[in-house]
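>>> here is a sequence together with a model predicted from it:
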Amino acid sequence: MRLVPAVTSVEMAAVDQAMAEDYGIDLIQMMENAGRALAALARDRFLDGDPQGKTVVVLAGPGGNGGGALVAGRRLHGWGATIRTVLAYEPDRFAPVPAKQLAILRRLGVEVVSSGQLVATPKSPSPDLVIDGVIGYSLRGAPHGGAEALIRWSGSAGAPILALDVPSGMDATSGDVHESAVRATATLTLALPKTGLVSGPSRAHVGELYLADIGVPRRLYSEIHLPDPGALFAKSDLVRLAG
């Protein structure tokens, strides 16, 4: 694996906060960057470089992780893929920025269903790809309710799974994996890898590990006393780290 600094979930939260408060780079901008990178990786790694005619199921939770997955779904829809968006919880539980992304998808006519509808649907042909945006680095305790239902469904979907930032059900800091956890074919983590992705018992759930640029200014890291990762993205917005 490339020697890239890793951060805990607390340290990553500090990066996100400093992005918004110190530099004016708001969550919606970070979310767009994450979703664009996720869509590009989905296209190039899993959809043979051309999403047209392919089917992608986007599993979305109510937070920023889900919002990034919804952005990816929008981009893939624009590139010709058939998108089925499945929500872990009812739309009124979504935070404001992910809710905005969901509203955009609906205006575009993209299919949106609940976790209950997905689980209750008779077995349909396997999609070409499942995108896991159920839970990000803010996981607290074991997944439950609609989130758990989507995680369990992903294991029976018969398709490769691309996780955003951290496979849902895995602790981003320790790498501990709950009984209900996504076993990803690949994981696209953001800004810097989380410590749990590169150590601990999580490797079988992470799959191939990629890193995406979401626009964090290099100087920010030193300002909040984190290691400077260097010019990681000088040649590409996406860097493969391991797997």
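Alright, I've got the coordinates. Residues are numbered from 1 along each chain as shown.

>>> residue closest to the middle of this protein?
Residue closest to the mean C-alpha point of the chain, counted by CA atoms, centre = their mean, is Leu164 at 1.8 Å.

>>> quick one: it from Ile224, how far?
Distance, Leu164 to Ile224, using CB to CB, to the nearest Å: 23 Å. For every residue, glycine as well, the C-beta is placed using N, CA and C.

>>> now do Thr8
For Thr8, the distance to Ile224 equals 13 Å [CB to CB].

>>> quick check, Gly215 in contact with Gln29.
Yes: if you go by CB atoms under 8 Å, Gly215 and Gln29 touch, sitting 6.8 Å apart.

>>> all helices for the protein, in order.
Using DSSP state H, the helices of the chain run over 9-23, 27-41, 64-78, 96-107, 115-120, 145-154, 195-198, 203-206, 218-223.

>>> which of the ones you listed is buried the deepest?
helix 64-78 (a mean of 27; mean count of other CB atoms under 10 Å).

>>> same for that one, what does it pack against?
helix 27-41, strand 55-60, strand 82-87, helix 96-107, strand 129-133, strand 161-164 (3 or more CB pairs under 8 Å, 6 or more residues apart in numbering; DSSP states H and E).

>>> turn those into JSON lines, columns for mean pLDDT.
Converted to JSON lines, the helices and strands packed on helix 64-78 look like this (pLDDT from 0 to 100):
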{"stretch": "helix 27-41", "mean pLDDT": "97"}
{"stretch": "strand 55-60", "mean pLDDT": "97"}
{"stretch": "strand 82-87", "mean pLDDT": "96"}
{"stretch": "helix 96-107", "mean pLDDT": "97"}
{"stretch": "strand 129-133", "mean pLDDT": "98"}
{"stretch": "strand 161-164", "mean pLDDT": "98"}
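
>>> could I get the ones you listed as TSV with distance to Ala14?
As requested, the helices and strands packed on helix 64-78 are exported to TSV (distance: least, CB to CB, whole Å):
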stretch	distance to Ala14
helix 27-41	14
strand 55-60	25
strand 82-87	29
helix 96-107	19
strand 129-133	22
strand 161-164	20
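
>>> mind checking these for the one nearest to Val182?
Ranking those by proximity to Val182 (CB to CB) places strand 129-133 first, at 4.8 Å.

>>> my guess is Ile161 meets Arg183, correct?
Yes: counting by CB under 8 Å, Ile161 touches Arg183, with 7.1 Å between them.

>>> mind putting the helices of the chain in CSV, distance to Leu3 included?
As requested, the helices of the chain are exported to CSV (distance: least, CB to CB, whole Å):
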stretch, distance to Leu3
helix 9-23, 18
helix 27-41, 21
helix 64-78, 26
helix 96-107, 33
helix 115-120, 39
helix 145-154, 32
helix 195-198, 11
helix 203-206, 17
helix 218-223, 15
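
>>> mind listing what the residue lying closest to Gly35 once chain neighbours are set aside touches?
Spatial nearest neighbour of Gly35, excluding adjacent residues (CB to CB, 6 or more residues apart in numbering): Val71 at 2.3 Å. By CB atoms under 8 Å, 6 or more residues apart in numbering, the contact set of Val71 is 31-32, 34-36, 38-39, 101.
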